[in-house]
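Colleague: any chance you could fold what I've pasted below:
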Amino acid sequence: MSKTSDAEPLLAELRSLRAAMEEQGGQESSQQRAFDQLYEELKQYKEDFIFQSEKPLLLDLLLFYDSLNWFQQSLVKKDLAPETIADSFQYLIDEFLELLYRRDVIPMETPEKFDRKVQKAIKTVETTDPAIENTIHQILKRGFLRAGRLLRAEEVVVNRLPGTTGSNS
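Modeller: Next up is the predicted model:
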């Protein structure tokens with residue numbers, strides 16, 4: 001046997017391995033393209049999902065924006081009497097609360113006594129009346145619940161007897 005004939009099976013095996021590698025490379029390339037396409041579709045789906053989820057809230061906010069613009073224009077034109085201004089402003093507050101209600105956000109009921117689970121004491125006011133110790137003197141910011149869970153704690157001023165600390169509730 002000659003060297004050429006001895007190398008033929010080896011060359012055939014190399015050609016076969018090369019063809020298999022090229023085929024494998026082609027499959028990996030097509031798998032990579034398929035993965036890239038799926039990733040891009042998922043990204044678009046996610047962006048569309050976020051947009052569709054936010055769209056109702058954003059449309060409500062735009063309606064509220066329109067109401068604020070109307071109110072501002074009325075003030076600039078001085079078309080409103082002071083009583084009408086107060087009523088219009090209350091209307092804006094009510095409209096905004098309605099927007100929150102549609103998102104299952106409601107103002108929390110203020111407990112009679114300070115409750116650190118749902119309230120944050122910003123300041124204390126001294127009192128000499130033990131009957132009103134640890135009660136709410138003033139609400140600085142309303143607290144809100146969403147689906148029955150605390151969304152924002154109420155910020156309050158609490159009545160305190162002189163020399164007491166905030167260890168109750």
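
Colleague: which helix or strand contains the residue nearest the centre of the chain?
Modeller: Nearest to the geometric centre of the chain sits Glu54, at 9.6 Å (Cα atoms, centre = their mean). Assessed by DSSP states H and E, Glu54 sits inside helix 3-77.

Colleague: and that helix, how far out from the chain middle?
Modeller: How far helix 3-77 lies from its chain's middle: 25 Å, per Cα atoms, centre = their mean, to the nearest Å.

Colleague: same check on stretch 121-141?
Modeller: The answer for stretch 121-141 is 33 Å, by Cα atoms, centre = their mean.

Colleague: and Leu57, what is it in contact with?
Modeller: Arg103 (Cβ atoms under 8 Å, 6 or more residues apart in numbering). C-beta here means a position set from N, CA and C on the backbone, and glycine is covered the same way.

Colleague: what residues go with each domain of the chain?
Modeller: 1-103, 107-169 (automatic domain parsing).

Colleague: show me where this structure dips below the pLDDT cut-off.
Modeller: 1-5, 165-169 (pLDDT under 70).

Colleague: am I right that Asp115 is in a helix?
Modeller: No. Counting by DSSP: H, G, I helix; E, B strand; the rest coil, Asp115 is not part of a helix but coil.

Colleague: any idea how far it lies from Phe89?
Modeller: From Asp115 over to Phe89 the distance is 30 Å, taken as Cβ to Cβ, to the nearest Å.

Colleague: between those two, point out the one with more neighbours.
Modeller: Legend: neighbour count by other Cβ atoms under 10 Å for Asp115 and Phe89, higher for Asp115 (17 against 13).

Colleague: tell me the most buried of the domains of the chain?
Modeller: domain 107-169 (a mean of 14; mean count of other Cβ atoms under 10 Å).

Colleague: what's the next helix or strand after the helix holding Glu54 packed up against?
Modeller: Counting by DSSP H and E, the next helix or strand C-terminal to helix 3-77 is helix 82-101. Secondary-structure packing of helix 82-101 (3 or more Cβ pairs under 8 Å, 6 or more residues apart in numbering; DSSP states H and E): helix 3-77.

Colleague: and the direction of the helix it packs on versus that of helix 82-101, what angle?
Modeller: With axes from the mean of the first three to the mean of the last three Cα atoms, to 10 degrees applied, the angle from helix 3-77 to helix 82-101 works out at 160 degrees.

Colleague: name whatever forms a beta bridge with the closest residue to Ile136 other than its chain neighbours.
Modeller: Excluding the flanking residues, the one nearest Ile136 by Cβ to Cβ, 6 or more residues apart in numbering is Val156, at 5.1 Å. Val156 forms beta bridges with Ala121, Ile139, as assigned by DSSP bridges.
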